[in-house]
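Undergrad: this one's sequence-less:
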């Protein structure tokens, strides 16, 4: 039995991926032999040593650069050219964002009948597109924030769309339709904010949406499958005035505090956990996910779901497993088992 830890990737979240891989390596080697697979920003695959991965410092601030040149020009070439035992190997996906989380990598692994952790390609694609995810969870009766997709390549039209939503809600949030909200997140409170956001959206290659800002506790909740589906204890994110929960807030500890378990009434926590399970099931997710939500005046409101949430030493899922009393080794063993069972089913 062997584990290939696939990390890095082409998305802006690749530094977080490296931190997840470092943490996972230290744990997974206690279960089975591991081989790090690094996908560079250009998609090329390298095979750094365990020591090289562990030695990388200031992981959230500096890029990981393997010493040896890439062994394969792409993941597809590596999957076809490297020695991968389909009956015994499992790919632990420590990728975040981009093709690592939108179903692209999952589809390549599925085509080769290889076991991998996390959700399949269809659920990953659904979750990665926030507009699709919102519609699917709404169909399950889950409340979502009102949102619109913003016009591309046209500052004037984008600005008018923002002004219209601001007229209804006063404050709005602008973020990419695909990918995590650590990057490209704008809080729009004033006309000046709207002008800056409209210009950024018009210049961007990706599609953006704008959604109403909902005032209330911000919670994030992991959902884990292993002999059933369960929600982990909620984490509450508290922000300093004027701060957004962006990359610096999440990973550099600037302007935010994370409280696990969340300091909210029990009935609020239970409602939020029920929402997270509903979202996980509505999108057909597998293994584990993490759902972000706001508790508004009428109850919890779905924001987005992550099919490969961070697994760094300080990430939410490890925090929540600790609060629940579940060891990371138990969690990881369960995820490896689920991956192999799914591959065996075909």
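TA: Arrived safely, thanks for sending. Keep in mind the model is a prediction, meaning the values are calculated, not measured.

Undergrad: Next up, phi/psi of the residue of the chain positioned farthest from its centre, please.
TA: The centre of the chain is farthest from one residue, residue 156, which by CA atoms, centre = their mean lies 31.8 Å away. Dihedral pair for residue 156: phi -60, psi -50, per degrees, to the nearest 10.

Undergrad: please renumber so the chain begins at 33
TA: Renumbered: residue one is now 33, and that last one reads residue 188.

Undergrad: In contact with the nearest residue to it once chain neighbours are set aside, which residues?
TA: Nearest residue to residue 188 in three dimensions, chain neighbours excluded: residue 230, at 8.0 Å (CB to CB, 6 or more residues apart in numbering). (C-beta placed from N, C-alpha, C; glycine too.) Taking CB atoms under 8 Å, 6 or more residues apart in numbering, we find residue 230 in contact with 187-188, 190-191, 194.

Undergrad: Apply 10 Å and report the result again.
TA: 182-183, 186-195, 206, 218, 220, 240, 242 (CB atoms under 10 Å, 6 or more residues apart in numbering).

Undergrad: Next: residue 209.
TA: 160-165, 179, 181-182, 238-241.

Undergrad: any weak-confidence spans in the protein?
TA: Low-confidence segments of the chain (pLDDT under 70): 33, 118-120, 211-214, 273-287.

Undergrad: Show the residue spans covered by the helices in it.
TA: Using DSSP state H, the helices of the chain run over 46-60, 82-87, 107-113, 136-143, 153-160, 162-171, 187-201, 223-235, 279-283, 298-314, 348-356, 360-377.

Undergrad: got those helices as JSON lines, with distance to residue 327 columns?
TA: Listed next are those as JSON lines, based on distance: least, CB to CB, whole Å:
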{"stretch": "helix 46-60", "distance to residue 327": "26"}
{"stretch": "helix 82-87", "distance to residue 327": "38"}
{"stretch": "helix 107-113", "distance to residue 327": "39"}
{"stretch": "helix 136-143", "distance to residue 327": "32"}
{"stretch": "helix 153-160", "distance to residue 327": "21"}
{"stretch": "helix 162-171", "distance to residue 327": "16"}
{"stretch": "helix 187-201", "distance to residue 327": "17"}
{"stretch": "helix 223-235", "distance to residue 327": "24"}
{"stretch": "helix 279-283", "distance to residue 327": "19"}
{"stretch": "helix 298-314", "distance to residue 327": "6"}
{"stretch": "helix 348-356", "distance to residue 327": "16"}
{"stretch": "helix 360-377", "distance to residue 327": "26"}
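
Undergrad: Of all the ones you listed, which one is nearest residue 69?
TA: helix 107-113 (7.1 Å; CB to CB).
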